[in-house]
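Trainee: could you look at this predicted model? Sequence included:
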Amino acid sequence: MVQNSDIVYSAIQHIDRLMRRVVLLMFGAGVLSVLAIWRMEIADGTIDAIDRVGYPAMVAVFSASFLALWRFPKVLVWVRWIGFLSLTLVLLADLWLQMHVSGSLLGNYNALTLWNWLPLCYAMAFFMLETRHAFLAAASILVFFAFCTVLRGAAHTSYAMSDRALMINTLISHGVLVVCLTGMVWLKHVVTVQGEQASRLNRLAATDPLTGLANRRLTLQQMDQLARDGRLDLAPVVLLCDLDHFKQINDGWGHAMGDQVLVAVATALRASTRDADTVARWGGEEFLVVLPVTRDFEATELAERLRLRVEALQVADRHQCPVPVTLSIGIATLCAGETGASWLKRADEALYRAKADGRNCCRVAEPPEL
C-alpha cells in the first residue's frame, strides 16, 4: 500500500507538471498572438510608439521564458512573474499613452484595442500568481487606471462626455471583474480546503492509528467489492495473518514492546507486497492482506515469503534481548458465488488449521461446499 506522504508528493508533482504545460502553452500562444498583431498593425500603419518597443520586447521575453521553462522546469515560479509583469507593464504604458497623449478615445483603434487586452492582466494575475499577490496586483492595476482617469479629467476638461462615460464604464467593469475573480479564487480555496479536510477524515476513518495500515472497515469494503465483481480470472486472494503467542509478548515484555512488534510486522508486510495490494490491521494481533490479482504468481509463495520475512525480523527489548516473532497465515482464493463474509470465513478456517498444525506456517482454505 502506498503511504500518504508518497501520494501527496506524487499529487504535487503532477500539479507542477500540469501547470508547467499550461504556462508553456500560454507563452507559445502569446508569442504567436503578438507576432500576428505586430505584423498587422505595421501593415495597416496603426502601431503606436509604445507598441513599437513593447511588441518586440514581449516576443523576446515570452520566447526566452518558454525556452527557459522548457529546459529548466524549476524556474516555473520566476517565469510566471516575468510573463505577468512584461504583459502588464506594456499594457499600462500603452494606457498612459492613450489617456494623456491621444485625443478622443472613441474611434481610436489603439485605445479601443487596449480595452480588450487589459482584462487579460487580471486573468494572468490570478492564474500566474499566488492569491494574495494576484489580488494586490489586480488592485494596483485598477488604482493606476483610476489615477489615469482622474489625471485625464484634470488635464483635458473639455474632452467629450462620451470619452468620460467610456472610461468610467470601463473602470467599473474592471472592478467588477476583479471582484468576480477574487470571489472565484476564494470559493475554489474554500472548496479545496473542505475537500482536503474531508479526505483527511476519510483517511483517519480508514487507517489504523498505530501501524498506519488500512483498517477493518476499509478492507471489508474492498473484499465485498471484489466479491461482487466476481473476476475469478484475476484470482483475488486474501491472506489472514496472526502473530503467534502475541499475548506472551505483551505479558513478558509489556504492551509497549507489543506495539513495537505490531509496527515492525506492519512495515515488513507492506514492504513485501505490491502497491495494488492492501495490507490491513484486522484487529489485535491479526493482519489481512488483500491481493486483487494473483493470476501471474502463486499466492502461497507470497504467503510463505511474508512468513519468512516476519520470522527474520530482529526485534529486541531495551536489554537487546531478541523477541521471537512468527506468523501463521490462512490463504483463501475467491470462488464463484462467494460474498466477502464467506470468503473471509474460509481464510479464518485456514488460519485456524495453521494454528492447530503448530503455528508459524501457511495453510490454504478448502473450496466452499456447493
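Mentor: Looks like it came in fine.
Trainee: ok, Leu334 - contacts?
Mentor: Neighbouring residues of Leu334 by C-beta atoms under 8 Å, 6 or more residues apart in numbering: 226-227, 230, 232, 235-238, 343. C-beta here means a position set from N, CA and C on the backbone, and glycine is covered the same way.
Trainee: need the buried ones from the residues you listed selected in PyMOL.
Mentor: Listed next is the PyMOL selection for buried residues among the contacts of Leu334, using 16 or more other C-beta atoms under 10 Å:
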select buried, resi 226+227+235+236+237+238+343
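Trainee: checking my notes, Ala280 in a helix, right?
Mentor: No: looking at Ala280 with DSSP: H, G, I helix; E, B strand; the rest coil, it is strand, so not inside a helix.
Trainee: what's the burial count for it?
Mentor: Per other C-beta atoms under 10 Å, the neighbour tally for Ala280 reads 28.
Trainee: pretty sure it sits against Thr211.
Mentor: No: under the criterion of C-beta atoms under 8 Å, Ala280 is not in contact with Thr211, lying 9.1 Å apart.
Trainee: so where does Ala332 fall, helix or strand?
Mentor: Here Ala332 sits within strand 327-333, counting by DSSP states H and E.
Trainee: okay if I get the contacts of Leu334 as CSV plus pLDDT?
Mentor: Listed next are the contacts of Leu334 as CSV, based on pLDDT from 0 to 100:
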residue, pLDDT
Leu226, 92
Ala227, 91
Gly230, 86
Leu232, 86
Ala235, 85
Pro236, 92
Val237, 94
Val238, 95
Trp343, 94
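Trainee: do I have it right that Asp242 meets Ser328?
Mentor: Yes: between Asp242 and Ser328 there is a contact under C-beta under 8 Å: 5.1 Å.
Trainee: okay, and the common contacts of those two?
Mentor: 351, 355.
Trainee: so how far is the worst-scoring helix or strand of the chain on mean pLDDT off the chain centroid?
Mentor: When each helix and strand of the chain is scored by mean pLDDT, DSSP states H and E, helix 161-205 comes last, with a mean of 78. Centroid separation between helix 161-205 and its chain, computed with C-alpha atoms, centre = their mean, to the nearest Å, is 21 Å.
Trainee: what helices and strands are in contact with that helix?
Mentor: Applying 3 or more C-beta pairs under 8 Å, 6 or more residues apart in numbering; DSSP states H and E, we find helix 161-205 packed against helix 109-128, helix 131-155.
Trainee: contacts for the shortest one?
Mentor: Right, helix 109-128. Residues external to helix 109-128 that are found in contact with it (C-beta under 8 Å, 6+ apart): 23, 46, 48, 51, 80-81, 83-84, 87-88, 91-92, 94-95, 97-98, 102, 105-106, 133-134, 137-138, 141, 145, 170, 174, 177-178, 181-182, 184-185.
Trainee: so where is the protein shaky, pLDDT-wise?
Mentor: For the chain, the stretches flagged by pLDDT under 70 are 1-12, 101-107, 152-163, 199, 201-205, 296-297, 370.
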